[in-house]
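Student: This is a predicted model, with the sequence first.
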Amino acid sequence: MWIIDTAIKRPVSVIVGVLLVTLFGYVSLISLPIQMKPTIDKPFITIRTAYPAAAPQEVEEQITRPIEEKVQAVENLKKMTSVSSEGRSAITLEFDWGTDKDIATIDILKKLNLVGELPEEAETPIITAITSDEERPIYWTTFNGPMTTNQLWQIADQYVKPRFERIPGVGDVRIYGGQEREIRVVLDYRALAARKLSISDVRRALQNENKNVRGGHIDEGKRRYMVRTVGLFKTPEDVENVIVRSGEEGLV
């Protein structure tokens, strides 16, 4: 009963206390952030690796499994799922709630460095840390014009996609509906057999020619000039002119 007696004897103090509590409560209420749909950030990290022209079984054996064996030792890993399709491997890692994705990404990079040599045709694995909201696309756009689908795809990949990726808050940009331009080399097996050549010889020659080679630098007074040999293919004729093998007498 002492609380009641104190409130009756000191009414001014009670009124001031009630006003202060009401004031602090109102200030806290108006400063409290409110979201109609709260963001729930699930700790997901995806590892994507492209292996062009490879069957799903080859992708699984040569890409997916070696990576899985190393990244399964990442700390706080809760679940790991993978999909091996034609020319592409995708491994999704789900972590425990509260896991710092930046630290987890660094840990994954360390584990990927322990993976043995991947096939030469395989591209470098790409790590993407996305939130649960980013898994669902929020914006779709369609391109239309007097060009072919593949030409529109190239324009979207070279010009439109980089600009979307620079927008703050954009996690990923995907392009559907076209194919990346490529040059297919069709071999004449009888001609290869007649010249005692193999498919590996042709492949090795194309890889050695289709690259730029640095040549050091030349100092001239106060200036320094960088030297390099440009050999990347630009036209189909560049591929046709590749010398696979030359004889002792210079016969190609």
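Tutor: Yes, it's here.
Student: Need the pLDDT of residue 42.
Tutor: Residue 42 carries a pLDDT score of 69 in this model.
Student: can I get the CA coordinates of the longest helix along the chain in CSV?
Tutor: Longest helix in the chain by number of residues (criterion: DSSP state H): helix 11-31. Extracted C-alpha coordinates of helix 11-31, given in CSV (Å, rounded to 0.1, in the frame of the first residue of the first chain):
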residue,chain,number,x,y,z
PRO,A,11,0.7,14.0,-6.8
VAL,A,12,3.1,16.4,-8.7
SER,A,13,5.8,13.8,-8.9
VAL,A,14,3.4,11.2,-10.1
ILE,A,15,2.0,13.5,-12.8
VAL,A,16,5.5,14.4,-14.0
GLY,A,17,6.5,10.7,-14.1
VAL,A,18,3.4,9.8,-16.1
LEU,A,19,4.1,12.6,-18.6
LEU,A,20,7.7,11.6,-19.0
VAL,A,21,6.8,7.9,-19.6
THR,A,22,4.1,9.0,-22.1
LEU,A,23,6.6,11.3,-23.9
PHE,A,24,9.3,8.7,-24.2
GLY,A,25,6.8,6.1,-25.4
TYR,A,26,5.5,8.5,-28.1
VAL,A,27,9.0,9.3,-29.3
SER,A,28,9.9,5.6,-29.4
LEU,A,29,6.7,4.8,-31.3
ILE,A,30,7.2,7.4,-34.1
SER,A,31,10.9,6.4,-34.5
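Student: lowest-confidence helix or strand of the protein?
Tutor: None of the helices or strands of the chain scores lower by mean pLDDT, DSSP states H and E than helix 2-9, at a mean of 73.
Student: what packs against that one?
Tutor: If contacts are counted by 3 or more C-beta pairs under 8 Å, 6 or more residues apart in numbering; DSSP states H and E, helix 2-9 sits against no helix or strand. Backbone N, C-alpha and C define where each C-beta goes, glycine included.
Student: Now do the strands for the stretch 51-200 of the chain: every range, in order, please.
Tutor: 77-85, 88-95, 126-130 (DSSP state E, counting those that start in this stretch).
Student: rewinding a little: report the angle between the axes of the least confident helix or strand of the chain and helix 11-31?
Tutor: 100 degrees (axes from the mean of the first three to the mean of the last three C-alpha atoms, to 10 degrees).
Student: which residues are contacting stretch 49-59?
Tutor: Stretch 49-59 is contacted from outside by 62-63, 67, 84-89, 118-119, 121-126, using C-beta atoms under 8 Å, 6 or more residues apart in numbering.
Student: hmm, try it at 6 Å
Tutor: With contacts defined as C-beta atoms under 6 Å, 6 or more residues apart in numbering, stretch 49-59 is touched by 63, 84-89, 122-123, 125.
Student: again with stretch 215-227
Tutor: Residues from elsewhere that reach stretch 215-227 (C-beta under 6 Å, 6+ apart): 228-229.
Student: first vs last residue of it, how far apart are they?
Tutor: 5 Å (C-alpha to C-alpha, to the nearest Å).
Student: Determine how far it lies from the middle of the whole chain.
Tutor: Chain-centre distance of stretch 215-227: 36 Å, with C-alpha atoms, centre = their mean, to the nearest Å.
Student: tell me the mean pLDDT over it?
Tutor: Mean predicted lDDT for stretch 215-227 stands at 82.
Student: Report the distance from the longest helix of the chain to the chain centre.
Tutor: 53 Å.
Student: ok, now stretch 194-209?
Tutor: For stretch 194-209, the separation from the chain centroid amounts to 32 Å (computed by C-alpha atoms, centre = their mean).
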